[in-house]
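1. next comes the sequence, and after it the predicted model I'd like to discuss.
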Amino acid sequence: MALNFGDAFVNLMPKLMSSLLVVLQITALAFILAFVLGFLIALGRLSSKKALNAILLVIVEFIRGTPLLVQCFYIYFVFPALFKLMGMSISISAVTAGILGFGLNYACYMSEVIRSAILAVDHGQVEAGLALGFKKSHVMLRFVIPPAVRNSIPVFGNYLITMIKDTSILASISVAEMLLVTKNYAAKTFQTIEAYTLLALLYLIISLPLSQVVRILEKKLNHAKR
Amino acid sequence: MEEQVVFEIKNLKKNFGELQVLRDINMEIRKGEVVCIIGPSGSGKSTFLRCLNLLETATDGQILYEGADITAPKFAAHEYRRKVGMVFQRFNLFLNKSVMKNITVAPMALNKVEKEAAEEEALELLSKVGLKSFAGAYPETLSGGQQQRVAIARALAMHPDVLLFDEPTSALDPELVGDVLEVMRNIAASGMTMIVVTHEMQFAREVSDRVIFMADGYVAEEGTPDGIFTRPKNPRTKEFLARVLKEEEE
Ligand SMILES: Nc1ncnc2c1ncn2[C@@H]1O[C@H](COP(=O)(O)OP(=O)(O)OP(=O)(O)O)[C@@H](O)[C@H]1O
Ligand SMILES: [Mg+2]
């Protein structure tokens, strides 16, 4: 059997490109969701309200303690079933389930990053801001959150890259992402080697430059911090 | 002629859990006075200063600022602090902001000073503290003594009525102390009301109008610099001075 990369490329690539678009959409929305939620969770965990802190801690530990794929299955299959039990009919598309699943899951990890970055900001700067006459909330907004976010950017960048790659698990809930498209193509044409090799290369082409960008950002930030 | 009372402190107490750090402090600070607070480590000097600008909440007692009870619940601490500047032992500059930004951020945000005017004044303040050419620098590139002088300029930019200093020179290498003390001397000479916690006995002696010796959360003795340094009455003051003056000689 001769390998036919040319053929696979011509036939599979357009499909991969349109599914890449789906992946990028899911990633973008999930990442925004994760950032916003992660921020709120971090602020809640840092607040002096003990009950809020405890509830959030349980949620974070629960989500971090179960696999992402299981969470996506849960949202996709179990939520509609639960609503049905309650007499409501709700349908969640696979893409929506993926966005919610990834958003929630990554929010938990990102909240820990943000929380520790906020805690790492020297408390002396908080006191300096207060002593100048800024309100507590303004001190947070002006002097704590900006350096905390800045210092977290490389970690967020790495999460973004991981997220793009992780979306391949959404093949299992029938999202037309790249793995599923490749699998279907390979099953139909038997060009297994070509198809999966192309897929792997495509992932590499996406993630390598992004990793490079993250590395440069990291260097820049370290440099700016002096 | 009696000068106006700025601070009136009545039966101030502060506990950290079981630990009584301030036991019963009574004091008056008058406008234009330079008061130095000395005393052994752990006697509550920093805690007292931090109570004055509400970084710590008093456990009991009252602090009146120009007649208003700043320890009252719901007191607007942030507005009050604009009039009472604080200089910290560890400078506490905003590390991700330039020297210029460190000085202008509060006047621009809180006193609604225009950027141009704020920067102009910042440059004046910087030249007062001998750092005119450092406006664009970042704190971490400066020596401790330079950082502390920026911190003083930052506090002055708010035009405070009172300045609190918590051991402003004790985190500095000995050769950098002089410049900071020089700046503080000039501020004192300008008539600013200052409360200075310090281990610099020479400074306390030369610059202050009054010296307060604290021990174990009390004001153990107070008086003129001359009185405290040459004729201390309290045995604890005597012992403390004998110890630090001997250390200074070494
Ligand atoms: N936030 C805090 N929580 C618990 N204990 C504290 C706190 N801050 C200070 N203390 C304790 O209160 C006591 C007085 O501390 P403070 O810092 O006011 O002393 P100080 O006179 O400034 O000493 P030094 O000369 O070493 O700076 C010390 O025993 C200290 O350990
Ligand atoms: Mg102290």
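-> Perfect, I can see it now. Predicted, not measured: the structure shown is a model, and the values here were computed from it. Residues are numbered from 1 along each chain as shown, chains lettered A, B, ... in the order given. Ligands and ions are numbered 1, 2, ... in the order given.

2. which residue lies farthest from the center of chain B?
-> residue B:116 (28.8 Å; CA atoms, centre = their mean).

3. quick check: the gap between that one and chain A.
-> Here residue B:116 is placed at a distance of 20 Å from chain A (CB to the nearest CB, to the nearest Å). (C-beta placed from N, C-alpha, C; glycine too.)

4. before we move on, which element is that residue in?
-> Taking DSSP states H and E as the definition, residue B:116 sits inside helix B:115-128.

5. list the buried ones in that helix?
-> Buried residues in helix B:115-128, counted by 16 or more other CB atoms under 10 Å in any protein chain shown: B:118-119, B:121-123, B:125-126, B:128.

6. please apply the same query to stretch B:40-47.
-> Neighbour-count burial for stretch B:40-47, with 16+ other CB under 10 Å as criterion, is recorded at B:40, B:43-47.

7. next one: stretch A:106-118
-> So, applying 16+ other CB under 10 Å, buried residues of stretch A:106-118: A:106-115, A:117-118.

8. tell me which parts of chain B are close to chain A?
-> With CB under 8 Å from any CB of the partner chain as the criterion, chain B meets chain A at residues B:53, B:55, B:77-82, B:85-86, B:88, B:90-96, B:105-106, B:109-110, B:138, B:140-141, B:151, B:154-155, B:158.

9. dihedrals phi and psi, the nearest residue to residue A:147 once chain neighbours are set aside?
-> Leaving aside its sequence neighbours, residue A:147 sits nearest to residue B:96 (CB to CB, 6 or more residues apart in numbering or on different chains; 4.8 Å). Its backbone dihedrals place residue B:96 at phi -100, psi 20, with angles given as degrees, to the nearest 10.

10. residue B:96: neighbour count?
-> Residues contacting residue B:96 under the criterion other CB atoms under 10 Å in any protein chain shown number 20.

11. I'd assumed residue A:149 was in contact with it.
-> No: the pair residue B:96 and residue A:149 does not pass the contact test of CB atoms under 8 Å, sitting 11.0 Å apart.

12. re the thing from before, of the buried residues of helix B:115-128, closest to residue A:98?
-> Distance to residue A:98 across those (CB to CB) is lowest for residue B:118, with 49.5 Å.

13. residues contacting the closest one?
-> Contact criterion CB atoms under 8 Å, 6 or more residues apart in numbering or on different chains gives B:103-104, B:107-108, B:157 as the residues in contact with residue B:118.

14. distance of the residue nearest to it when sequence neighbours are not counted relative to chain A?
-> The shortest distance from residue B:118 to any residue other than its chain neighbours is 4.1 Å, reached at residue B:104 (CB to CB, 6+ apart). Applying CB to the nearest CB, the value for residue B:104 to chain A is 11 Å.

15. count of residues packed around the residue of chain A found nearest ligand 1?
-> In chain A, the residue found nearest to ligand 1 is residue A:123; the distance is 10.8 Å by CB to the nearest ligand atom. One way to gauge burial is a neighbour count; for residue A:123, by other CB under 10 Å, it gives 10.

16. how close does it get to residue B:90?
-> Spatial separation of residue A:123 from residue B:90 under the definition CB to CB, to the nearest Å is 10 Å.

17. quick one, helices of the chain?
-> As the question left the chain open, I've gone with chain A. Taking DSSP state H as the criterion, chain A carries its helices at A:5-46, A:50-64, A:68-73, A:79-85, A:94-120, A:123-132, A:136-139, A:145-166, A:178-189, A:192-225.

18. to clarify, I was referring to chain B.
-> Using DSSP H, helices in chain B cover B:45-52, B:77-81, B:99-110, B:115-128, B:144-156, B:174-189, B:201-207, B:225-230, B:235-249.

19. check the offset of the last one from the chain's centre.
-> Right, helix B:235-249. Taking CA atoms, centre = their mean, to the nearest Å, the mean C-alpha location of helix B:235-249 is offset from the chain mean by 22 Å.

20. close to chain B: what parts of chain A are there?
-> That would be A:122, A:124-125, A:127-136, A:138, A:142-143, A:146-147, A:150, A:224-226, which are the residues of chain A within reach of chain B (CB under 8 Å from any CB).

21. report the contact partners of residue A:4.
-> Residue A:4 sits in contact with A:191, A:194, where contact means CB under 8 Å, 6+ apart.

22. ok, back up a step: just the buried subset of the residues of chain B next to chain A, please.
-> Buried members of the residues of chain B next to chain A, scored by 16+ other CB under 10 Å, are B:53, B:55, B:77-78, B:80-82, B:85-86, B:88, B:90-96, B:105-106, B:110, B:138, B:151, B:154-155, B:158.

23. that older thread, mind checking the helices of chain B for the one nearest to residue A:36?
-> Smallest distance to residue A:36 across these (CB to CB): 25.5 Å, for helix B:99-110.

24. tell me the angle the closest one makes with helix A:123-132.
-> Angular relation of helix B:99-110 and helix A:123-132 on a 0 to 180 degree scale: 50 degrees, by axes from the mean of the first three to the mean of the last three CA atoms, to 10 degrees.

25. average pLDDT across helix B:99-110?
-> For helix B:99-110, the per-residue pLDDT values average out at 97.

26. contacts for it?
-> Under the criterion CB under 8 Å, 6+ apart, residues A:132-134, A:138, A:142, B:82, B:93-94, B:97, B:113-115, B:118-119, B:121-122, B:125-126, B:131, B:134-139, B:142, B:150-151, B:153-154, B:157-158 lie in contact with helix B:99-110.

27. got the angle for it vs helix B:115-128?
-> If you take the same axes, to 10 degrees, helix B:99-110 sits at 130 degrees to helix B:115-128.

28. quick one, helix B:99-110 and helix B:144-156 angle?
-> Note on geometry: by the same axes, to 10 degrees, helix B:99-110 and helix B:144-156 are set 20 degrees apart in direction.

29. low-confidence ranges in chain A?
-> In the predicted model of chain A, residues A:1, A:223-226 satisfy pLDDT under 70.

30. one more time with 50, if that's ok
-> Scanning chain A with the threshold set as pLDDT under 50 gives A:226.

31. before we move on, back to that, rebuild the buried residues of helix B:115-128 as a markdown table, extending it with pLDDT and distance to residue A:195.
-> Output for these, formatted as a markdown table (pLDDT from 0 to 100; distance: CB to CB, whole Å):
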| residue | pLDDT | distance to residue A:195 |
| --- | --- | --- |
| B:118 | 97 | 63 |
| B:119 | 97 | 62 |
| B:121 | 97 | 68 |
| B:122 | 97 | 64 |
| B:123 | 97 | 66 |
| B:125 | 97 | 69 |
| B:126 | 97 | 66 |
| B:128 | 94 | 73 |
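
32. reformat those as TSV; add distance to residue A:9.
-> Written out in TSV, the entries for these read as follows (distance: CB to CB, whole Å):
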residue	distance to residue A:9
B:118	61
B:119	60
B:121	66
B:122	62
B:123	64
B:125	67
B:126	64
B:128	71
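
33. with respect to residue B:247, which of those residues is nearest?
-> Sorting these by distance to residue B:247 puts residue B:128 at the head of the list, at 31.8 Å, by CB to CB.

34. from residue B:152, how far off is that closest one?
-> Separation of residue B:128 from residue B:152 (CB to CB) stands at 9 Å.

35. what sits in contact with each of the two?
-> residue B:183.

36. coming back round to it: quick one: the residue nearest to residue A:147 and residue A:47, what's the gap?
-> Distance of residue B:96 to residue A:47, given as CB to CB: 24 Å.

37. okay then, goodbye and thanks.
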